[in-house]
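> coords please:
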Amino acid sequence: MRADPLISTATGRACLALLCLLGTSIGGRTYVHAQFSDAGRAASLEATSSPIDLGAGVMLPHAAAGRYRVSFDRCSSPALVSFVETGPYRSNPALSAASQPENRVFYVYRGWNLGYRFATVGLNAIHFTRRAYARLTTGRDPAGNEMAVEITVPAGCEASADDVLAAFRRQIEPSD
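Numbers count the residues shown, from 1 in each chain. Model (predicted):
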């Protein structure tokens, strides 16, 4: 049996250093989290958020993001356009599938049609890529509260995601 205390060995010192770093990290995160109130955080996100890009020069403010119905002449029921947040800790858009299994669901983010099956993977990959780019260049976080467009096309309607998005842009544009 060794008479040396555990702290004097190299392994013991390394473990103690890692525990100190972990404790400091947790304490710092707890302090920062306590400094932001929920109301203050929501107000700061709304103030710093950029509008949602719907393509073709049409922008929608974050405050107007919600659920919209888009009617077509060739479809018996309207398509549903709603918005989902991007990022790893947001709700999983694949779980908010269409109300009927025959409906088709598309996800569009900044003009990219992500499809349905791997929409969450695509949204997370875009989010992390944008965050990494921001950290390496300006230090700002442009992907912190970005939104993607979820388009639900009813069964029996042959409209594509692009058709629905074009009709939605016409619907929300102010008429002269």
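> Name the next helix or strand downstream of the helix or strand of the chain with the lowest mean pLDDT, please.
Using mean pLDDT, DSSP states H and E, the weakest-scoring helix or strand in the chain turns out to be helix 38-48, at a mean of 48. Sequence-wise, the next helix or strand beyond helix 38-48 is strand 52-53, with elements assigned using DSSP states H and E.
> Neighbouring strands of that following strand in the sheet, and parallel or not?
Sheet pairing here is set by DSSP bridges, and for strand 52-53 it gives strand 59-60 (antiparallel).
> now what about the partner strand, what contacts it?
Residues from elsewhere that reach strand 59-60 (CB atoms under 8 Å, 6 or more residues apart in numbering): 51-54, 172. Any C-beta I mention is one placed from the backbone N, CA and C, and that applies to glycine too.
> can you give me the strands in this protein?
Using DSSP state E, the strands of the chain run over 52-53, 59-60, 68-70, 79-85, 104-109, 112-115, 147-153.
> other SSEs contacting the third one?
What that stands for is strand 68-70. Counting contacts by 3 or more CB pairs under 8 Å, 6 or more residues apart in numbering; DSSP states H and E, strand 68-70 is packed against strand 79-85, helix 161-172.
> Need these in CSV (columns: distance to Thr137 and mean neighbour count).
Compiled in CSV, these are given as follows (distance: least, CB to CB, whole Å; neighbours: other CB atoms under 10 Å):
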stretch, distance to Thr137, mean neighbour count
strand 79-85, 23, 19
helix 161-172, 30, 18
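> Between these, which one is closest to Pro154.
Each of these was scored for nearness to Pro154 using CB to CB, and the closest is strand 79-85 (6.5 Å).
> Determine the angle, from 0 to 180 degrees, between that closest one and strand 104-109.
40 degrees (axes from the mean of the first three to the mean of the last three CA atoms, to 10 degrees).
> Just the residues contacting strand 79-85, thanks.
Taking CB under 8 Å, 6+ apart as the criterion, the residues outside strand 79-85 that touch it are 52, 65-70, 72, 90-91, 93, 96, 107, 123, 145-154, 157, 159, 164-165, 167-168.
> Quick one: the helices and strands packed on strand 68-70 as a markdown table, columns for mean pLDDT and distance to Ile26 too.
A markdown table is the format used below for those (pLDDT from 0 to 100; distance: least, CB to CB, whole Å):
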| stretch | mean pLDDT | distance to Ile26 |
| --- | --- | --- |
| strand 79-85 | 88 | 26 |
| helix 161-172 | 91 | 43 |
